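*Asks:* I would like the atomic coordinates for the input below:
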Amino acid sequence: MLDAIMVVCVIVATTFLMRVLPFVIFGSKRKAPDFLLYLGKVLPGAIVGMLIVYCFKDVAVSTSPYGLNELLAFLCVAILQILFKMPIVSIVSGTLLYMYLLQSSILNLIL
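*Replies:* As a prediction, the model looks like this:
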């Protein structure tokens, strides 16, 4: 039990330091370097792209349902995000749709 508490304490301290460190280094008066500002603009999109590739890397497109579960869930997330711009709604809806399609095997029955 003590080990688990120590692990949680280390995680909390690390997270706190990672959040506070930029303010300590740059403060409110000093401008962040242009390189960091550039990374702040391009990294979110790059990370999302890597996550999409990672999620689709093991999809079996040669067997039924030919990746349709994943594709429909992805389209659900993308469309809801474009329409409502609420990430939590998009992610939860896509996850629920994917779990329903996977657990019910409805696409296997149709195809």
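*Asks:* which stretches of this structure form helices?
*Replies:* Shown for the chain, the helices assigned by DSSP state H span residues 2-26, 34-56, 68-84, 87-104, 106-110.
*Asks:* as CSV, those with mean pLDDT and distance to residue 62 would be great.
*Replies:* Where C-beta positions appear, they are placed from N, C-alpha and C, glycine not excepted. Listed next are these as CSV, based on pLDDT from 0 to 100; distance: least, Cβ to Cβ, whole Å:
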stretch, mean pLDDT, distance to residue 62
helix 2-26, 94, 41
helix 34-56, 94, 14
helix 68-84, 97, 13
helix 87-104, 97, 18
helix 106-110, 88, 14
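*Asks:* need those in a markdown table (columns: mean neighbour count).
*Replies:* Listed next are the helices of the chain as a markdown table, based on neighbours: other Cβ atoms under 10 Å:
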| stretch | mean neighbour count |
| --- | --- |
| helix 2-26 | 10 |
| helix 34-56 | 10 |
| helix 68-84 | 16 |
| helix 87-104 | 14 |
| helix 106-110 | 12 |
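*Asks:* centroid-wise, who is the farthest residue in the chain?
*Replies:* Distance from the C-alpha centroid of the chain, by Cα atoms, centre = their mean, peaks at residue 29 (32.9 Å).
*Asks:* now that residue: phi and psi?
*Replies:* Backbone geometry at residue 29, expressed as degrees, to the nearest 10, gives phi -90, psi -30.
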